[in-house]
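Q: Below are the sequence and a predicted model; questions follow.
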Amino acid sequence: MKFDNKFIFVIVGAIILYAIFLLLSDISLILSKIPNFKTEYLPIILVLIPFSWLFLFLRWNLLLKNSNIKIPLKENLKIYFAGFALAVTPGKFGELIKSQIMKTKFDVPHRTTSSLVLVERLYDLAGAVIVSFIGILLIGIGGYVIAGASIILILIFVMISSRKLFHTILKLIGKIKFTQKYTVSLSESYETIRTSTRGKNVFTSILTTCVYWLLESLGVYFILLSFDIDLLNYIHVVATYTSSLILGAASFIPGGLGVVEGSLVGLLNFQGVDISEAFVLVILIRIFTLWYSVIIGFIALKFSGGLSTKS
């Protein structure tokens, strides 16, 4: 597959947005806080965050198996992590590059794997809502975010449960010129989407997603501890972090950049974290949970052949 230039533009745009966020912050104050980081927590964070990704890979592997798609484990691992390179695209839809690589290398139909990438996003949201819920009750903020996301989830699952309703809604969406090419593919992939969101598939997929969110949130918790910030317990961190990510996803801005950072700074400050410390924490949190994965993704993309293989 030839790496499309539009993906480069999206990534560069995301970096520019992040640079603007930093410029709008008090950089001198942020730099003065960085030396307070306790490096003994660094190995824990660097290991814990990637370990959480393995549960997403397990979910992906289960979805492929359910669709009778067999990819060698080593190749599948490289392909999956290659999708992280485009995690900064709106809604993480850049991860559809996995679909292209599997088509090129293993002749797996686009319509099957692309629909599974969309199912992944559905489970990401479901897992975030579930792990956030208890924490939201405790800290008393973000309830509207979770309620809104829950309503959207219920509507999506209801739509998927009925073939007639699914195709009716797709037909309506297909009247929009921009979405026409996507609705045709989704219409052909109905059975794959339906079987991937039924029975034990729902349970295992949501369970692995929840474990992922809990582990990544634990990494965020250790980032707070590395600055001696113990105002928030682990459950509060889970709710705060995942709520900001849901807001970022709803914005449909690449990587949720700006929205995630801004909401996370606000939520941390609301719970007693000094505003300057909150800025430093958020920057490090995003480096470890977003940009770390993007770097790993580009490495995997190179080894998977996604940067050079022509379709």
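A: On my side now, so go ahead.

Q: Could you pull out the buried residues of the lengthiest helix in the chain?
A: Secondary structure assigned by DSSP state H gives helix 110-139 as the longest helix of the chain. Using 16 or more other C-beta atoms under 10 Å as the test for burial, helix 110-139 gives 111-120, 122-133, 135-136, 139. (C-beta placed from N, C-alpha, C; glycine too.)

Q: I'd like the next helix or strand past that helix.
A: Sequence-wise, the next helix or strand downstream of helix 110-139 (DSSP states H and E) is helix 143-161.

Q: quick one: that next one to helix 110-139, angle?
A: Inter-element angle recorded for helix 143-161 and helix 110-139: 150 degrees (by axes from the mean of the first three to the mean of the last three C-alpha atoms, to 10 degrees).

Q: send the alpha carbons of helix 143-161 over as CSV?
A: Taking C-alpha atoms only, helix 143-161 is exported to CSV below (Å, rounded to 0.1, in the frame of the first residue of the first chain):
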residue,chain,number,x,y,z
GLY,A,143,-22.8,13.0,34.0
TYR,A,144,-24.1,14.7,30.9
VAL,A,145,-21.2,13.4,28.9
ILE,A,146,-21.7,9.8,30.0
ALA,A,147,-25.5,10.1,29.5
GLY,A,148,-25.1,11.4,26.0
ALA,A,149,-22.6,8.7,25.1
SER,A,150,-24.9,6.0,26.6
ILE,A,151,-27.8,7.2,24.5
ILE,A,152,-25.7,7.1,21.3
LEU,A,153,-24.5,3.6,22.2
ILE,A,154,-28.1,2.3,22.8
LEU,A,155,-29.3,3.8,19.5
ILE,A,156,-26.4,2.2,17.6
PHE,A,157,-27.0,-1.2,19.1
VAL,A,158,-30.7,-0.9,18.3
MET,A,159,-30.0,0.0,14.8
ILE,A,160,-27.6,-2.9,14.3
SER,A,161,-30.1,-5.4,15.8
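
Q: For the stretch 151-300 of the chain, just list every one of the helices.
A: Secondary structure of the stretch 151-300 of the chain (DSSP state H, counting those that start in this stretch): helices at 163-173, 180-188, 190-196, 199-225, 234-251, 259-270, 275-286, 292-304.

Q: Of these, which is nearest Ile101?
A: helix 292-304 (5.7 Å; C-beta to C-beta).

Q: by how many degrees do the closest one and helix 199-225 diverge?
A: Using the same axes, to 10 degrees: helix 292-304 against helix 199-225 is 120 degrees.

Q: Okay, buried residues for helix 292-304 please.
A: So for helix 292-304, counting by 16+ other C-beta under 10 Å, buried means Tyr292, Ser293, Val294, Ile296, Gly297, Phe298, Ala300, Leu301, Phe303, Ser304.

Q: Identify the farthest-apart pair in the residues you listed.
A: Tyr292 and Ser304 (18.4 Å).

Q: contact partners of stretch 68-79?
A: By C-beta atoms under 8 Å, 6 or more residues apart in numbering, the residues outside stretch 68-79 that reach it are 57, 60-61, 64, 98, 101-102, 105-106, 108, 112-113, 300, 303-304, 306.

Q: Next, give me the two most distant ones among the residues you listed.
A: The distance between the two most remote of the contacts of stretch 68-79 (C-beta to C-beta) is 23.7 Å, for Thr112 and Phe303.

Q: For Ser217, give me its contacts.
A: Here Ser217 is in contact with Val131, Tyr234, Val237, Val238, Tyr241, Thr242 (C-beta under 8 Å, 6+ apart).

Q: For Leu153, see how far away Ile71 is.
A: According to C-beta to C-beta, to the nearest Å, Ile71 stands 29 Å off from Leu153.

Q: Repeat that for Glu40.
A: 39 Å.

Q: higher neighbour count, these two?
A: Leu153 (16 against 8; other C-beta atoms under 10 Å).

Q: If you drop the residues flanking it in sequence, what lies closest to the more buried one?
A: Closest residue in space to Leu153, ignoring its immediate chain neighbours: Ala126 at 5.6 Å, by C-beta to C-beta, 6 or more residues apart in numbering.

Q: and that neighbour, how far is that from Phe298?
A: From Ala126 to Phe298 the distance is 28 Å (C-beta to C-beta).

Q: Can you give the contact residues for stretch 223-238?
A: Against stretch 223-238 from outside (C-beta under 8 Å, 6+ apart): 33, 36-38, 41-42, 45, 131-132, 134-135, 138-139, 213-214, 217-218, 220-221, 240, 268, 271-273, 277, 280-281, 284-285, 288.

Q: Low-confidence bits of the protein, can you list those?
A: For the chain, applying pLDDT under 70 flags the ranges 1-31, 91, 134-144, 173-188, 251-255, 257, 306-311.

Q: what's the neighbour count on Asp107?
A: Asp107 sits with 7 neighbouring residues when counted by other C-beta under 10 Å.
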